[in-house]
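Chemist: got a sequence here, can you model it:
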Amino acid sequence: EFAHGLTNSVSCAEWAPGFTEADVLKAGRRAFPGWPDSVLAQPPQLPFQYDVCRVWNVPDRTAIQRVATYSNVPTLIVSGTFDSKTGASWGPYTGRTLPRSTAVRIPGVGHFVVPQSPCAQSVLDSFLTRPTAPDTGCVAGLEPKPFTITPEPETS
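Modeler: Got it, this is the predicted structure:
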């Protein structure tokens with residue numbers, strides 16, 4: 001389920017070199033004034049990433065990573081609205097240079113959208129069948145499940 005090597009290779013090559021630790025702290029202070037610096041200094045979802053990257057020691061790829069891809073290849077961009085790593089707003093943003101793309105936001109789902117959502121699975125299946133016109137009809141009726149902090153009772 002976890003690909004720490006892949007995650008660290010991407011984060012340390014493409015993300016961390018583009019922002020200094022001071023940049024992260026400054027952004028944290030702006031977003032959450034009054035929070036302790038010890039919390040604000042850690043990139044969201046990537047705690048201690050700079051320490052990890054010093055050890056991981058992969059080449060800086062920020063220059064090439066930040067070049068937009070332009071393509072006419074049909075592309076499906078699926079985002080979960082509860083994704084805390086790659087927010088749902090990145091889907092349409094990514095599609096701006098992909099004129100034959102379809103961006104779909106699946107409500108109430110986190111980072112691993114297709115395995116968690118039958119609707120996303122259906123959209124992907126239809127994209128593979130009709131790349132230029134996937135059926136996204138199931139998305140319109142989706143809503144996040146009610147938030148709860150108590151576990152649901154087990155059924156026998």
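Chemist: pull the distance from the host helix or strand of Gln121 to the chain's centre.
Modeler: Following DSSP states H and E, one finds Gln121 within helix 118-129. How far helix 118-129 lies from its chain's middle: 19 Å, per CA atoms, centre = their mean, to the nearest Å.
Chemist: distance of Ser101 relative to Val139?
Modeler: Distance of Ser101 to Val139, given as CB to CB, to the nearest Å: 15 Å. For glycine as for every other residue, the C-beta is placed from the backbone atoms N, C-alpha and C.
Chemist: er, Pro99 actually
Modeler: 21 Å.
Chemist: all strands of this protein, in order?
Modeler: Along the chain, the stretches classed as strands by DSSP state E are 75-80, 101-106.
Chemist: tell me the contacts of Ser126?
Modeler: 134-136 (CB atoms under 8 Å, 6 or more residues apart in numbering).
Chemist: cutoff 7 Å now
Modeler: Ser126 sits next to 134-135 when contact means CB atoms under 7 Å, 6 or more residues apart in numbering.
Chemist: just Pro44 next, same as before
Modeler: Ser84.
Chemist: could you rerun that using 10 Å?
Modeler: Residues in contact with Pro44 (CB atoms under 10 Å, 6 or more residues apart in numbering) are 24, 27-28, 31, 84-85.
Chemist: count of residues packed around Asn8?
Modeler: 18 (other CB atoms under 10 Å).
Chemist: surely it is in contact with Val55?
Modeler: Yes: with contact defined as CB atoms under 10 Å, Asn8 and Val55 form a contacting pair (9.0 Å).
Chemist: now for the most centrally placed residue in the chain: which residues touch it?
Modeler: The centre of the chain sits closest to Thr86, judged by CA atoms, centre = their mean, with a distance of 1.8 Å. Neighbour list for Thr86: 45, 79-80, 94, 111 [criterion: CB under 10 Å, 6+ apart].
Chemist: that's all I had, so thanks and see you.
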